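Visitor: no sequence for this one, just the structure:
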């Protein structure tokens, strides 16, 4: 490891627009214990990914790019198949959730005290290891104080030096006004620019910083009130949001939204996540397993959607047409039944807070489902599909 | 259409400041004076002529709030319609090709110093400020998300600099959203090596 | 011939001088020799004024004096005459005869005319406000006051058929001559124009007429009778890149993404505007004869294939990947028959297919001749210090603002 010496005046660092992040009031909800083990658990991850869903139109929405060229080419079916798999992979990569970790505290770590070096200079010296290819967390940044103490730099200085030598695209040296000013931040929230705030947050702050926790908590709280959860669906922030609500026992609004939009599987998963985090002695795994058998995972669903584009010109069966007209298949109705039972069980328990609202939503959905099912069966009978299916 | 509608607006605000409208203001004023009763003194007439505002004067500071209101007003709509403020503007230049850069500034010593001021300078109610997002948005490309070049909009160099600064400030404040670059996380950095091995 | 003329003029001049001399000499030999006749006392005032203010016929042919004879806002000369002013005065010879009866008139002041000024003002006011028609710079056409590039409105209605939402643009307006047995060189105006509804329906026509206006009208109406339907992609650009030619004109046209604009010959720009194409790049090689360009471009547009046709022809899927959508691939068309599947089938390049195996010559950018010189390297070295100056300046300006959001 080569240590390149780079001298920086600490005073100069502090001169640059010191708008402290203390401008924002801290949010009320915070992770009391380390949420990381719960979050990184394989089951939790799977639940969160499933809840996020994978709507291709939203993941691959049009963005502003300097070069918006379009490349047209010929492909064989085999190549196309490969391309589909790559697309799904890319989508999953774009949906990578920002880590949820506990706030890292600054600790003073002194390497050596050399009183002989006292007053060798009037300013502090910062030494940064700028070896190429090192991960940011392993990059060594040390500070030689005026009194001769050599110590590891604080997190703030480390982040600054990292940004100086290995700039992260989109990160600013100073706190953006949006994050430092209460009024502006509130305005952004009121205009429902949730995805923008969270995107910017991921770029500007590290997940272990207090500001990261504070701002994301505020956004999630505001979302819980405005109930615009659909904005974050199929983005990388949906998972941490659901986790946040489950952790702080306020899933009811999200649950209501999921039921209203007929995402019953997600609703079940959300309840299961909440049970898992708070260690409620209830067997949710069996229900989940049942549902998973009946309904495909979001990636599989997206892949099927991609493939359906291929067979557009092929003649569809009548059954298929009925399904697309109604939007549900037989297995869907089965799955709905199971999930509704599970949700009702939750509503009945002491964990649900907004019981009346949830019950009403479940009731309307049930009626709607019944209507759909009747229509489905009626259509099937009319077209004479019943015999074929049985 | 532009000068005519501008004339309407100037009448609304009782300000005649546009150069192109001002061509006919002198005779118009005299006509008005002639129709008035003959009892009006000569001095009064002179006083009226003096009070006629100079169309090229730009010393008056227009607050941003006025500009924001103007952009929502009917006067703005009659002037520009649904189009951007710069679409109807063409640079004057000799020869086939325009100079690569636009002029340095349209306003010198508080006065419009040119016959064809740039789209921002010609209308004093267009104030470039980070709060005036509706105006700034007209100068941002919907495809690349960048500020449009002055070769396209025809802004003078001074206005263009002011525009870029305002856009940056608005982005800093979160008043204008943009597509934030995607950040890929290396989970090993946050969860430690142990997790990596697990996966 | 010219020499003869010159001689005759000289003779005339000399005779004049002799005549004068004789005349004056008869009176007194002390008097200076002077010319008593000149254009000034021979010609009427009107002709003299015209000589000063107007341009000669020869000059007009050379394009002089274009500014004269224009309509002006107000004719301030109206109601005014020489010799009559604010202070009325008798000027013998100017506003009064020199001799009245047997009496020689003298210069004489008279009472002031009070109403005169008022009357002039009244005349000026009655003239009304004349405003010069101002054309929007966008509608001014390609160049100056010329017709090409300008819009002349939709074609006239034919019976019940109305050309709503159509607009016609002039592409060429020129004078052409033909020889006639009895009239010699006969002058006519030739106009090429294109009309379109900005939604894929367009036509062009060439027409001649004895006057510009008739030629314009004929061309416009004929274009309306020759409409072609053109397949547009997403209602903004062409279906695919193509090569087209007519005579010695070769055009390479390429499809472009949203927001690109029209980067091509001005005639093609105007045609695209009429058709409704918004994004396109075209390079013309060879002859730039305007009529050939127009014909070649329309032929190319008509020969375009749809994605479905291309897919059927090549037995392959056609896929589009967009940079703006993170490289998301979209299937645009699949062949009706079973697509080729084996990898050993040769897969053609899409652009090669659409361009008909032609390749657009892309010239390498050649560094300027001075790039290798000593002076330039020195300049580069000096410039390096300031390479980030603009950014720093912007950054400073951005961060030094008084924040007072309310």
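Guide: Yep, that arrived. Just so we're clear, the structure is a prediction, and the values are computed from it rather than from any experiment. Numbers count the residues shown, from 1 in each chain, chains lettered A, B, ... in the order given.
Visitor: Quick check: longest helix in chain B by residues?
Guide: helix B:157-173 (DSSP state H).
Visitor: what residues are up against the residue nearest the centre of chain B?
Guide: By Cα atoms, centre = their mean, chain B has its centre lying nearest to residue B:120, at 2.8 Å. Listed by Cβ atoms under 8 Å, 6 or more residues apart in numbering or on different chains, the contact set of residue B:120 reads B:85, B:126, B:128, B:155-156, B:159, B:162-163. For every residue, glycine as well, the C-beta is placed using N, CA and C.
Visitor: Distance to chain C, pLDDT and neighbour count added to those residues, as CSV?
Guide: Converted to CSV, those look like this (distance: Cβ to the nearest Cβ, whole Å; pLDDT from 0 to 100; neighbours: other Cβ atoms under 10 Å in any protein chain shown):
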residue, distance to chain C, pLDDT, neighbour count
B:85, 14, 95, 19
B:126, 19, 96, 20
B:128, 12, 95, 21
B:155, 15, 96, 28
B:156, 16, 96, 22
B:159, 14, 96, 24
B:162, 9, 95, 17
B:163, 11, 97, 22
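Visitor: from the residues you listed, which is closest to residue C:305?
Guide: residue B:85 (41.4 Å; Cβ to Cβ).
Visitor: quick one: low-confidence ranges for the stretch 201-350 of chain C?
Guide: Where the stretch 201-350 of chain C drops to pLDDT under 70, the residues are C:339-346.
Visitor: Residues of it that sit close to chain B?
Guide: C:257-259, C:324 (Cβ under 8 Å from any Cβ of the partner chain).
Visitor: out of these, which are buried?
Guide: Among those, the ones that count as buried by 16 or more other Cβ atoms under 10 Å in any protein chain shown are C:257-258, C:324.
Visitor: restrict those to contacts with chain A.
Guide: C:257-258, C:324.
Visitor: Go ahead and flag the most central residue of chain A.
Guide: residue A:237 (2.6 Å).
Visitor: In chain C, which residue is most central in space?
Guide: Short answer for chain C (Cα atoms, centre = their mean): residue C:143, at 2.6 Å.
Visitor: what about the strands in chain C?
Guide: C:89-90, C:99-100, C:103-104, C:108-109, C:167-180, C:184-196, C:201-209, C:228-229, C:242-246, C:249-255, C:262-263, C:280-286, C:317-322, C:328-333 (DSSP state E).
Visitor: Does residue C:196 touch residue C:166 like I think?
Guide: Yes: with contact defined as Cβ atoms under 8 Å, residue C:196 reaches residue C:166; the gap is 6.7 Å.
Visitor: neighbour-wise, which of the two wins?
Guide: Between residue C:196 and residue C:166, counting by other Cβ atoms under 10 Å in any protein chain shown, residue C:196 is the more crowded of the two (29 against 22).
Visitor: Look up how far chain B lies from that one.
Guide: 21 Å (Cβ to the nearest Cβ, to the nearest Å).
Visitor: what's the answer for residue C:284, then?
Guide: 17 Å.
Visitor: Over to residue C:229?
Guide: Residue C:229 is 28 Å from chain B, by Cβ to the nearest Cβ.
Visitor: you'd agree that residue is up against residue C:200?
Guide: Yes: contact criterion Cβ under 8 Å: residue C:229 and residue C:200 qualify, at 6.2 Å.
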